[in-house]
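dropping the sequence and predicted coords here.
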Amino acid sequence: MVYRHSTSHILAQAVKRLYPEARLAIGPAIADGFYYDFDVPRTFTPEDLERIEREMEAIVAADLPFERFELPRDQALQLVRRAGEEYKAELISGLGPDEVISFYRQGEFVDLCAGPHVPSTGRIKAFKLLSVAGAYWRGDERNKMLQRIYGTSFPKASLLKDHLFRLEEAKRRDHRKLGVELDLFSVHESGPGFPFFHPKGMVLRNQLEDFWRHEHAKNGYQEIRTPIILRQELWERSGHWDHYKENMYFTSIDDENYAIKPMNCPGGILVYRSKLHSYRELPIRLGELGLVHRHELSGVLHGLMRVRCFTQDDAHIYCRPGQVEEEIVRIIDLTEYFYREIFGFDYHVELSTKPEKAMGSDEVWELATNALRGALETRGLKYKVNEGDGAFYGPKIDFHLRDCLGRTWQCGTIQVDFLMPEKFELHYIGEDGERHRPVMIHRVIYGSLERFIAILTEHFAGAFPVWLAPVQARVFPITDRHGPYAREVTETLGRAGIRVEFDGRNEKVGYKIREAQVQKIPYMLVVGDRELESGTVAVRHRAEGDLGAMTLDAFSERVLVEIHTKAR
RNA sequence: GCUGGUGUAGCUCAGUGGCAGAGCAGCUGAUUCGUAAUCAGCAGGCCGUCGGUUCAAAUCCGACCACCAGCUCCA
């Protein structure tokens, strides 16, 4: 961390030497590297980065010592103002009264910095500038956009090389690349952000949905389905019109205004409201694999991770106030079962609190937030707090999963909502015969099927567990005379419930094996004279290689066990 | 949406002002083969779109669209 931060100072020094008009913003170390933000009238090109790198080499070669000094606030301000560094002046003004204001000097270059640093610039052995991108000053889009240069550094050249190699390797797992290669899905210019699922992608998706339905039925959920287009009035009532309009698509039918749903909750509420409920029924858990559309900014679209229409594995739980925490614990348990037991993911949990543009009083938010916090503590889960990051109708717990480049994506979420029940005047009849207001919990486990499929693809690098694999086995006859037997094998396995393909093309076994390996098909079955005579199949596993001959029964038993246990 | 980059065959990519190219994939034929690529032939293009400059544009200029990285925002 210190090491990379020192490298960012060298970057800043090089930039100041080459472009004296550049104003410095901030330059922290980040995971795997560092960046520095500059305000420069011209834009940096890749050639500029090379020039800057060469200047950095010179600074490293000069082995300039890093020297620390401290100044009182007014002198510090004077120093940076004289240098025309208005961003640094703003940073100093933002520091608390008792904070020490320190600077670091290397050669002619001085920068406001808390430190620490390596002793001298010569300690930086291997570095590389990776990219340049825009970034708003203080991360606020109302502020000026600065130019951010990203880079990384390592104590040894070989470590830098390894790191760059790992970045390349990670790209091979990219779900966008694998999605094409494995023929899972596509996106087209005709519908940016609106993905098309191909037959193999649908097999995967349907497996996820079947499993989801099964587990939810076991856990006391009922399934519903609500329409995609509903009257605008509904969205005005729910608060989406006021808080979410810019993300919604609208249409009109017979001169009436309608909206395309960005969330499933208002529709689900209409189902709850369609009859009277007794306290004895609660909690009522209504699940919906609901297709929602949201207008996302064009610059954020990303394969299946970030799209403009997606299917949420949603559910809304209507319960009594006293049941909220227990319900949250149940959802956490179900989520952990999915993530940890079934898929084997690493994830982290965040708790998001009341945002600026929220509905409802602080007291209600406090209550809801405490319920979430209480459930997290009950389960002893570590979590990070995101102040002001909740939904407009309630605070939430989020489960975040990693993609191939280490970026994290929110998948599961649990949101407590006292407000929608209010807006829609929901009630149930209590023991006392009076009307009472239920609490609503919104939750998803996969999050969206699309994003989850993207994460799964990268997590397994396309080599899906057998239960999810679009094709579980492929059968190849060695020559034409083995064709009829190979077909019989294919049919028998198919009848046993295995997704199996027959590859009778006139190609060598090696060719077919290679193709099946590239497709990450878990099992390859070779049949030739030996198998034909003994009534067996020669089994090859995509990771374990040649497993030798097995009877058809033994093979199908093996695969069926893997399918049923969801072996990874 | 903002900053920067990219856009040529299904995929990966060459081609920098003068007839649009390669490998893989596809199709046809030959080969009948034992665990990651058999050989030969054929076909495949609105060079992202629209406009401009030029005798001539994939190539230069402009606008737009899409994609990539990052920022802001979110499942």
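Now that the structure is in, tell me what you want to look at. Numbering: from 1, shown residues only, chains lettered A, B, ... in the order given.

spell out which parts of the stretch 251-400 of chain A neighbour RNA strand B.
A:294, A:296-303, A:305-308, A:310, A:312, A:355, A:389, A:391, A:396, A:398 (Cβ under 7 Å from any atom of the strand). Using the backbone N, CA and C atoms, a C-beta is placed for each residue, glycine as well.

in ChimeraX, how would I select the buried members of those?
The ChimeraX selection below is limited to those of these classed as buried (16 or more other Cβ atoms under 10 Å):
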select /A:294,296,301,302,303,305,306,307,308,310,312,355,389,391,396,398
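
which members of the residues of the stretch 251-400 of chain A next to RNA strand B occur in helices, if any?
Assigned to helices by DSSP state H, none of these qualify.

count of neighbours near the nearest residue to A:Gly504 once chain neighbours are set aside?
Using Cβ to Cβ, 6 or more residues apart in numbering and skipping residues adjacent in sequence, the residue nearest A:Gly504 is A:Gly483, 5.4 Å away. Around A:Gly483 there are 15 other residues, counting by other Cβ atoms under 10 Å.

I figured A:Arg294 was touching A:Arg306, is that so?
No: taking contacts as Cβ atoms under 8 Å, A:Arg294 lies outside contact range of A:Arg306: 9.9 Å.

mind checking which helix or strand A:Arg558 is in?
Element membership of A:Arg558 [criterion: DSSP states H and E] is helix A:552-565.

cool, and A:Ser158?
With elements taken from DSSP H and E, the one containing A:Ser158 is helix A:157-172.

quick check: buried residues in that helix?
Within helix A:157-172, the residues that count as buried by 16+ other Cβ under 10 Å are A:Leu160, A:His163.

can you list contacts of the helix holding A:Arg558?
Taking contacts as Cβ atoms under 8 Å, 6 or more residues apart in numbering, the residues outside helix A:552-565 that touch it are A:465-467, A:472-473, A:489, A:492-493, A:496-498, A:523, A:525, A:535-537, A:539, A:550, A:567.

name the SS class of A:Gln147, please.
Secondary structure assignment for A:Gln147 (DSSP: H, G, I helix; E, B strand; the rest coil): strand.

quick one, what contacts it?
Shown in contact with A:Gln147 (Cβ under 8 Å, 6+ apart): A:Asp37, A:Phe38, A:Asp39, A:Val40, A:Thr43, A:Phe44, A:Val132, A:Ala133, A:Gly134, A:Ala135.

what do you get if the cut-off is 6 Å, keeping everything else the same?
Counting by Cβ atoms under 6 Å, 6 or more residues apart in numbering, A:Gln147 touches A:Phe38, A:Val40, A:Phe44, A:Val132.

check contacts around the last one.
Same thing as A:Val132. A:Phe44, A:Gln147, A:Ile149.

same check on the first one?
By Cβ under 6 Å, 6+ apart, the residues touching A:Phe38 are A:Val15, A:Ala22, A:Gln147.

phi first, then psi, for it.
When read as degrees, to the nearest 10, the backbone of A:Phe38 gives phi -130, psi 150.

quick check: closest non-adjacent residue to it.
Nearest residue to A:Phe38, sequence neighbours excluded (Cβ to Cβ, 6+ apart): A:Ala22, at 4.7 Å.

might one say that that neighbour is in contact with A:Val15?
Yes: between A:Ala22 and A:Val15 there is a contact under Cβ atoms under 6 Å: 5.3 Å.

partners of the residue nearest the centre of chain A in the sheet?
Geometric centre of chain A, nearest residue: A:Trp409, 2.0 Å, by Cα atoms, centre = their mean. Beta bridges link A:Trp409 to A:Leu401, judged by DSSP bridges.

distance of it relative to RNA strand B?
To RNA strand B, A:Trp409 is 6 Å away according to Cβ to the nearest atom of the strand, to the nearest Å.

that older thread, list the buried residues in the helix holding A:Arg558.
For helix A:552-565, the neighbour count (16+ other Cβ under 10 Å) marks A:Leu552, A:Phe555, A:Ser556, A:Arg558, A:Val559, A:Glu562, A:Ile563 as buried.

quick one: mean pLDDT for the longest helix along chain A?
Ranked by residue count and defined by DSSP H, the top helix of chain A is helix A:199-218. The average pLDDT within helix A:199-218 is 97.

that one near RNA strand B at all?
No: applying Cβ under 7 Å from any atom of the strand, one finds that helix A:199-218 is not in contact with RNA strand B, the shortest distance being 13.7 Å.

from the structure, what's the count of residues near the closest residue to A:Val539 other than its chain neighbours?
Excluding the flanking residues, the one nearest A:Val539 by Cβ to Cβ, 6+ apart is A:Leu547, at 4.4 Å. The tally of other residues near A:Leu547 (other Cβ under 10 Å) stands at 14.

and A:Leu547, which of the three is it?
Once three-state DSSP is applied, A:Leu547 turns out strand.

so where do the strands sit in the stretch 201-350 of chain A?
With DSSP state E, counting those that start in this stretch as the criterion, the stretch 201-350 of chain A has strands at A:222-223, A:229-231, A:249-253, A:256-260, A:284-293, A:309-319, A:347-352.

how near is A:Cys286 to A:Ser298?
Just so we're on the same page, residue A:286 is Leu rather than Cys. A:Leu286 is 34 Å from A:Ser298, where distance means Cβ to Cβ, to the nearest Å.

who does the residue lying closest to A:Ala391 once chain neighbours are set aside bridge with?
Of all residues not flanking A:Ala391 in the chain, A:Gln415 sits nearest, at 5.5 Å (Cβ to Cβ, 6+ apart). In this structure, A:Gln415 bridges to A:Lys396, A:His442 when assessed by DSSP bridges.

quick one: contacts for A:Gln415?
A:Ala391, A:Gly394, A:Lys396, A:His442.

and which of those residues is nearest to A:Glu168?
Nearest to A:Glu168 among those, counting by Cβ to Cβ, is A:Lys396 at 36.1 Å.

quick one: that closest one from A:Cys309, how far?
22 Å.

and what of A:Thr43?
From A:Thr43 across to A:Cys309, the span is 35 Å (Cβ to Cβ).

give me the more crowded residue out of these two.
Remark: of A:Thr43 and A:Cys309, A:Cys309 carries more neighbours, 19 against 9, as counted by other Cβ under 10 Å.

if anything else comes up later, I'll come back, but that's it for now.
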